[in-house]
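1. Okay, predicted coordinates and the sequence, questions at the end:
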Amino acid sequence: MRVGLPRALLFHHYGDSWTSFLKGFGVEPVVSAKTTGQTVVTGASIADNEACLPVKVFTGHLMGLKDKTDSILVPRVVSQNRGMKSCPKYLGLPDIARALREDLPPVLSPTMDLTDRRKRWAREWYRMALDLGASDGAASAAVKKMLQLLSPESQEDSADTRHGFPVGVAGHLYNIHDQRVSLDLLDRVRAMGADPRFKIITFDAPREAPFEFYRNMRPILAGTRIDRRANCKDGYANSPRGSDGSCLE
């Protein structure tokens, strides 16, 4: 059994936990290749014209898995911060994936709600593991390991200390870590002799942002203000993709 994972959007946040979950009961995770210009072109030609660039990139990665897997994992991420819902593109991503092409492999879409203290959403992952052939024990162990990897304690801030002065990078991880989408932003910062740094804020980002139109803007703005007062006073590099980058003074 081979289950595909598009290397896009929230894979850059939770990909390690998803691949660990699948490996936990003997399923082979197949992660799509890194984004190329052709990935973007393919996604843009198939996705809805009004979709944002990250969704078009996701579509390109989805197409890259079409003939390589038995099914594709696209979790429905309901909430990442208490009191707020996820961006609509996360909520509807499984439905978008299913509507793109009739010849795609089946889309697996268990729910993720990281604000549920009782972790009731994990039952869907347990049942999915059983449906994929896992034993009761293996399914339970896989879910437990995934929850450990998703805990706030396992999240670490990123800091590159191979160079010199620190420069904070503001943006979503799916932009920052995609070399094609970010136009090699991290390498460009390093080439200037700097240490690119960014905060990973997942659950309770402080309410320090002047506005929160989208829930997924809150960690960027809050993390930026936290780092500005701490150790990234030398400058900021902003992720350069439309509404997924924000103007910071």
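-> That came through, no problem. None of the values given here were measured: they were computed from a predicted structure.

2. So residue 20 sits against residue 149, correct?
-> Yes - at 5.9 Å, residue 20 counts as touching residue 149 under the criterion of C-beta atoms under 8 Å. Every C-beta, even on glycine, is put in place using the N, C-alpha and C of the backbone.

3. can you pull the contacts of residue 10?
-> By C-beta atoms under 8 Å, 6 or more residues apart in numbering, the residues touching residue 10 are 75, 77, 90, 174.

4. Output those residues as JSON lines; include the columns neighbour count and pLDDT.
-> Formatted as JSON lines, the contacts of residue 10 follow (neighbours: other C-beta atoms under 10 Å; pLDDT from 0 to 100):
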{"residue": "75", "neighbour count": "23", "pLDDT": "96"}
{"residue": "77", "neighbour count": "23", "pLDDT": "91"}
{"residue": "90", "neighbour count": "22", "pLDDT": "86"}
{"residue": "174", "neighbour count": "24", "pLDDT": "85"}
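
5. which strands and helices sit next to the top helix by length along the chain?
-> Ordering each helix of the chain by length in residues (DSSP state H) puts helix 136-150 first. Packing contacts for helix 136-150, counted by 3 or more C-beta pairs under 8 Å, 6 or more residues apart in numbering; DSSP states H and E, involve helix 11-23, helix 122-131.

6. And the first one, what does it pack against?
-> So the one you mean is helix 11-23. Right, helix 11-23 is packed against strand 2-5, strand 28-31, helix 136-150, helix 173-176 by 3+ C-beta pairs under 8 Å, 6+ apart.

7. How about the last one?
-> Helix 122-131 is packed against helix 136-150, with contacts defined by 3+ C-beta pairs under 8 Å, 6+ apart.

8. got the domain boundaries for the chain?
-> Listed by automatic domain parsing, the domain ranges of the chain are 2-153, 158-244.

9. and the longest one, how far from the chain's centre?
-> Here the centre of mass of C-alpha atoms in domain 2-153, compared against the chain's by C-alpha atoms, centre = their mean, to the nearest Å, lies 9 Å away.

10. confidence score at residue 169?
-> At residue 169, the model reports a pLDDT of 79.

11. Bridged to it, which residues?
-> Applying DSSP bridges to residue 169 yields these beta-bridge partners: residue 237.

12. isn't it right up against residue 187?
-> No - the criterion here is C-beta under 8 Å, and residue 169 misses it with residue 187 at 11.7 Å.

13. those strands in the protein, which residues are they?
-> 2-5, 28-31, 71-73, 76-79, 107-108, 111-113, 158-159, 165-170, 194-198, 236-238 (DSSP state E).

14. Contacts for the second one next, please.
-> Residues from elsewhere that reach strand 28-31, judged by C-beta under 8 Å, 6+ apart: 1-5, 7, 11, 15, 18-19, 22-23, 65, 68-69, 73.

15. Of the residues you listed, which is the nearest to residue 99?
-> Closest to residue 99 out of these is residue 65 (16.3 Å), distances taken as C-beta to C-beta.

16. My guess is that closest one contacts residue 6. True?
-> Yes - contact criterion C-beta under 8 Å: residue 65 and residue 6 qualify, at 6.5 Å.

17. and for the two, which residues touch both?
-> Listed contacts common to residue 65 and residue 6 are 32, 72; contacts here mean C-beta under 8 Å, 6+ apart.

18. Rebuild the strands of the chain as JSON lines, extending it with distance to residue 131.
-> Below are the strands of the chain laid out as JSON lines (distance: least, C-beta to C-beta, whole Å):
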{"stretch": "strand 2-5", "distance to residue 131": "12"}
{"stretch": "strand 28-31", "distance to residue 131": "16"}
{"stretch": "strand 71-73", "distance to residue 131": "10"}
{"stretch": "strand 76-79", "distance to residue 131": "16"}
{"stretch": "strand 107-108", "distance to residue 131": "9"}
{"stretch": "strand 111-113", "distance to residue 131": "15"}
{"stretch": "strand 158-159", "distance to residue 131": "35"}
{"stretch": "strand 165-170", "distance to residue 131": "40"}
{"stretch": "strand 194-198", "distance to residue 131": "37"}
{"stretch": "strand 236-238", "distance to residue 131": "43"}
